[in-house]
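>>> sequence-free structure coming up:
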């Protein structure tokens, strides 16, 4: 009887601790309140959305609301299984893969980029000292921002400008080519270079490596078919993919997701917020990188935009967004908090023209701080 009672007490203790994450000062945080803050704040400003909150070693809360598709045949709800493009949150996952290979090769972020570029590219000498840290923290000095293979090849033959901070999508688009060369070596792609099919060869290899290096160890159930375009685990061609909107004026024509396989790296990965939270969980539990590399990414802003100095410490974040001239688009954000809590949020609309809502880190930080 005593043994049974003891087991009951232990079970109650661990469940209670999970529901009330704490910091060193013994302040109590409510996952329930954090979830309610998200559900109260974001839905009025978006057309469709989903969120997922992870704590310690699992995704603990998740949900969705609004509409995924608005068309002549009616409405389709946005659910927890609705996938959408992550936009620049893709960079976080790309950075993990790059850092993982550097670690496996015994290298650091000081490793030079030039040694992993195609052998038949002409590289301007000003890039001889360009490091992966500079590339991943947007200090490359690139003078172009295009993402296509040919544009990146041209860019690398143009002299470097100031290597001060300048957010540039070309930095992570170049990783689509660097990652396969880092993993396979230059000799592996010699035939593709000779046949002028290196664009597709590296893009497909990049997709495969993202799946194997990041999504698989994050335990995504469908990691092997995750893609940089619309995809679904049901295999149905009539699956109701979400479209993208201007929430303040739904008469503005919506837009569909694009096929970004050949321009991936800086954007394009299409996942649910739950699947992103799985990656965050694996990252924070050192299933993808060790603690030193994890801190390198955070503190050197490699795969992260920055951090919020919140009421309970540093909240590391990365956001993403896309908008057309008419205001149609979407936003995403991830944030990692100091008490084992992380959050991912996707939405398929912009609140209004020239406005950031979901992607504003101060909004998510407030939802978290108000949960104490």
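On my side now, so go ahead. Since the model is a prediction, treat every value here as computed from it, not as a measurement. Residues are numbered from 1 along each chain as shown.

>>> Just give me the longest strand of this structure.
In the chain, taking DSSP state E as the definition, the longest strand is strand 58-71.

>>> Off-centre distance for that strand?
17 Å (CA atoms, centre = their mean, to the nearest Å).

>>> Please apply the same query to stretch 279-296.
Relative to its parent chain, stretch 279-296 has a centroid offset of 14 Å by CA atoms, centre = their mean.

>>> thinking again about what came up before, the longest strand of the chain pairs with which strands, and in what direction?
strand 48-55 (antiparallel), strand 74-77 (antiparallel) (DSSP bridges).

>>> need the strands for the chain, in chain order.
Under the criterion DSSP E, the chain contains strands at 48-55, 58-71, 74-77, 84-85, 245-246, 270-271, 306-310, 313-323, 329-336, 341-347, 349-350.

>>> nearest to residue 200, of those strands?
Taking CB to CB, strand 270-271 is the member of the strands of the chain nearest to residue 200, at 19.2 Å. Every C-beta, even on glycine, is put in place using the N, C-alpha and C of the backbone.

>>> So what touches that closest one?
Contact with strand 270-271 is made by 83, 84, 85, 86, 220, 226, 227, 228, 229, 230, 231, 257, as judged by CB atoms under 8 Å, 6 or more residues apart in numbering.

>>> So what's the residue count around the nearest residue to residue 82 once chain neighbours are set aside?
Once flanking residues are discounted, residue 82 sits nearest to residue 68: 5.0 Å by CB to CB, 6 or more residues apart in numbering. The burial count assigned to residue 68 is 23, neighbours taken as other CB atoms under 10 Å.

>>> In contact with residue 68, which residues?
By CB under 8 Å, 6+ apart, the contact set of residue 68 is 48, 76, 77, 78, 79, 82, 240, 241, 242, 243, 348.

>>> ok so, going back, what comes up buried for the longest strand of the chain?
Using 16 or more other CB atoms under 10 Å as the test for burial, strand 58-71 gives 59, 60, 61, 62, 63, 64, 65, 66, 67, 68, 69, 70.

>>> Check stretch 246-255 too.
246, 247, 254, 255.

>>> Also stretch 102-111?
102, 103, 109, 111.

>>> want to throw those residues into TSV with pLDDT and distance to residue 138?
Listed next are the buried residues of stretch 102-111 as TSV, based on pLDDT from 0 to 100; distance: CB to CB, whole Å:
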residue	pLDDT	distance to residue 138
102	98	18
103	98	21
109	98	14
111	98	17
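
>>> Low-confidence regions, this protein specifically.
Residues of the chain that meet the criterion pLDDT under 70 lie in 1-20, 22-26, 72-74.

>>> Of all residues in it, which one is nearest the centre?
In the chain, the residue lying closest to the centroid (CA atoms, centre = their mean) is residue 89, at 2.9 Å.

>>> what's near enough to touch it?
269, 276, 318, 319, 320, 332, 333, 334, 344.

>>> If you drop the residues flanking it in sequence, what lies closest to the fifth one?
In other words, residue 320. residue 87 (3.0 Å).
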